[in-house]
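Enquirer: I would like the atomic coordinates for the input below:
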Amino acid sequence: MYIETVPNRNSPACILLRESYRHNGKVKKHTILNISSWPEALVNGLRILLRGGQALESFTESFRIVRSRPHGHVAAVYETATKLDLEGILSRQPCAERAAVMALIVARILEPRSKLATARALSQETCASTLADLAGLTQVTEDDLYAAMDWLYARQGQIEKRLADKHLKEGSLVLYDVSSTYFEGQSCPLAHRGHSRDGRSDLPQIVFGLLCNQHGCPVAVEGFEGNTADPMTLGKQIEKLRTRFGIQQVVLVGDRGMITQARIKKELQGVAGLGWITALRFNQIRKLKEKGAIQLSLFDTSDLLEIQDEEYPGERLMGCRNPLLAQQRKRKRQELLEATELELAKIVAATGRDKRALRGKENIGIRVGKIIGRYKMGKHYKITITDTHFTYERRQDSIASEAALDGIYVVRTSVTKQQLGAAQTVQTYKSLSQVERAFRSCKSVDLKVRPIYHWLADRVRAHVFLCMLAYYVEWHMREALAPLLFDDQDKQEVQAQRSSVVAPAQRSSSAQAKDHTKRTPENLPVHSFQTLLDDLGTIVRNTIEPAVPGVPAFEKTTIPTPLQQRALDLLGVKIN
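Expert: Numbering: from 1, shown residues only. Model prediction:
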């Protein structure tokens, strides 16, 4: 740090407090403060201080730090959102609601919590970072944030249209999947009991569907009542893509529980420009095997086969066999059978004990039904129930029939071979894992969509949309920061070393090296996304106040470490 005097031709010289640093081997300088208005004695004293003179003894009397706030992580996320033009996507015109929504999105990535806690973190008296300053907010209450959420929900259609214009085009592949999250409380109209993916059948839930482009970048989200079946959400997404987004040529990718035979007949078949990729259910695969359409011996030489069957006219079927998946299914089935028999044996013992024996077909059936319902293995057992006895035995033929199809799945599509080859079609279906990654991030890992603190249906939908926008920013940050994360950024090497599209994906050599050494090739430590953000949060902005009356206070940000500077460079963010 030093003082530089810059002469002016017809004006007094400009006196600047500066610091020099190296960037890519070049010496650069950064102006910290213009001190032209300072008294000459103070300027000279500071110059002596910076040169290491005796004035160093009076530093604590000349300057004092009046406030320190974490700044690096806020700058990284906020500037990334700005570079993505998220403000322009939200609204072309600046307003208080837009600033509040930007703060909510950034806060959801940095530290997910309730809107009340977020409002406190944005208030000047209790602020926990520099987020309020970057967003241009002065005094924020929870009512202001609720009003901003209402404003956001009213504009959701426009915002999703702008995202679609940016990330989708005619002929695009669109990934769609549905998840659910449980809801605390009984007052929300959306909260209903349904199939819980979180294992919380004791609580009501909401369902939400997420649309992503083929790379997993989120484009749109929609909330539904908790008892809505997955296939029943499909029609609205087709209408959204074709009517609201104006995309007539599109290929929709969904799992076998989403794009069912009934949905194909009712909503997909015969629609010009609308293609789809999904998979067959197990009972459909079994029928193909019984008819001879699938010959298991052919999988001895190839793990990917094209199949034709008259029950699927105008469709292409790709049969795949994954040995690793076969082992997993065999192991899981054996574990479920053993767990089922352990519980059924208890019922047998209860019917044969001397005291208080279990009696009655109805009573025995109720207990057996609970076990069968829990482990879903009833198809593999022959059960006999009388008023006094209960017996069971395995159906070996049923188990063998199912085991023969272990590791086999069949991808079905209406897309022609000219548009997508067999391997490309299978790879596209498997890319649904990127939507599952988005759900994991939103629900539990980073953004924590739950617990939901809202009761009004529109507020709950706005909250889900807010989490999607936060994941939109996080997705782009992860793509940029991949060299510093455990994520695999060398996708070309992964595809090149893969023996088959059906085979399990392997991590690239660079990703394996990061896992083993926990260091990058530049010898920087590897982090998870959240720990890297926490590390950036140690870059602090200090408010420094000179002791001389009339001299304004100035702010100084601490110098980033090499790891922090590398992360900021990858994001294209400058700390000032």
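
Enquirer: Which residues are in contact with the residue nearest to the spatial centre of the chain?
Expert: Residue closest to the mean C-alpha point of the chain, counted by CA atoms, centre = their mean, is Ala438 at 2.8 Å. Counting by CB atoms under 8 Å, 6 or more residues apart in numbering, Ala438 touches 210, 212, 216, 218, 471, 475. C-beta coordinates here come from the backbone N, C-alpha and C atoms, glycine included.

Enquirer: hmm, try it at 6 Å
Expert: Contacts here follow CB atoms under 6 Å, 6 or more residues apart in numbering; on that basis Ala438 touches Tyr471.

Enquirer: mind listing what's buried in the helix or strand that contains it?
Expert: In the assignment (DSSP states H and E), Ala438 maps to helix 433-440. Buried residues in helix 433-440, counted by 16 or more other CB atoms under 10 Å: 434-435, 437-439.

Enquirer: now stretch 190-197
Expert: Buried, per 16+ other CB under 10 Å, within stretch 190-197: 190-192, 194, 196.

Enquirer: likewise stretch 21-37?
Expert: So, applying 16+ other CB under 10 Å, buried residues of stretch 21-37: 32-33, 35.

Enquirer: Take the buried residues of stretch 190-197 and write them to a markdown table, including secondary structure and pLDDT.
Expert: As requested, these are exported to a markdown table (DSSP: H, G, I helix; E, B strand; the rest coil; pLDDT from 0 to 100):
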| residue | secondary structure | pLDDT |
| --- | --- | --- |
| Leu190 | coil | 90 |
| Ala191 | coil | 88 |
| His192 | strand | 90 |
| Gly194 | coil | 89 |
| Ser196 | coil | 85 |
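
Enquirer: nearest to Ala147, of these?
Expert: The shortest approach to Ala147 among those belongs to Leu190, at 20.7 Å (CB to CB).

Enquirer: Let me know whether that closest one touches Ala457 as I believe.
Expert: Yes - using CB atoms under 6 Å, Leu190 is in contact with Ala457, at 5.0 Å.

Enquirer: Tell me where the stretch 251-400 of the chain has helices.
Expert: 261-263, 282-291, 323-352, 361-375, 396-403 (DSSP state H, counting those that start in this stretch).

Enquirer: Following the chain onward from the lowest-mean-pLDDT helix or strand in the chain, which element is next?
Expert: Ranking every helix and strand in the chain by mean pLDDT, DSSP states H and E puts helix 59-62 at the bottom, with a mean of 58. Using DSSP H and E, the helix or strand that follows helix 59-62 towards the C-terminus is strand 63-70.

Enquirer: Just checking: what are the partner strands of that next one?
Expert: Here strand 63-70 is paired, per DSSP bridges, with strand 540-546 (antiparallel).

Enquirer: got any ranges where this structure has weak pLDDT?
Expert: For the chain, the stretches flagged by pLDDT under 70 are 52-62, 443-447, 548, 576.

Enquirer: follow-up on the earlier one: how far does the following helix or strand past the helix holding Ala438 sit from its chain's centre?
Expert: Later in the chain than helix 433-440, the nearest helix or strand by DSSP H and E is helix 457-481. Its chain's C-alpha centre and that of helix 457-481 lie 8 Å apart, by CA atoms, centre = their mean, to the nearest Å.

Enquirer: again, but for stretch 6-14
Expert: With CA atoms, centre = their mean, you get 54 Å for stretch 6-14.

Enquirer: Repeat that for stretch 305-320.
Expert: The mean C-alpha position of stretch 305-320 is separated from the chain mean by 33 Å, CA atoms, centre = their mean.

Enquirer: Could you do stretch 411-421 as well?
Expert: For stretch 411-421, the distance to the chain centre is 28 Å (CA atoms, centre = their mean).

Enquirer: Next: stretch 68-75.
Expert: 23 Å.

Enquirer: ok, residues contacting it?
Expert: Outside of stretch 68-75, the residues within contact range by CB under 6 Å, 6+ apart are 110, 129-131, 533, 536-537, 539-542, 557, 573, 575.

Enquirer: Tell me the one among the buried residues of stretch 21-37 nearest to Ala76.
Expert: Ile32 (21.2 Å).

Enquirer: what's the nearest residue to the closest one if we skip its chain neighbours?
Expert: Leaving out its chain neighbours, the residue that sits closest to Ile32 by CB to CB, 6 or more residues apart in numbering is Leu17, at 4.8 Å.

Enquirer: Doesn't that neighbour lie inside a strand?
Expert: Yes - counting by DSSP: H, G, I helix; E, B strand; the rest coil, Leu17 is found in a strand.

Enquirer: That one touches Asn34, doesn't it?
Expert: No - between Leu17 and Asn34 there is no contact under CB under 6 Å: 7.8 Å.

Enquirer: What's the ChimeraX line that selects buried ones from the contacts of stretch 68-75?
Expert: For the buried members of these, the matching ChimeraX selection, counting by 16+ other CB under 10 Å, is:
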select :110,129,130,131,533,536,537,539,540,541,557,573,575
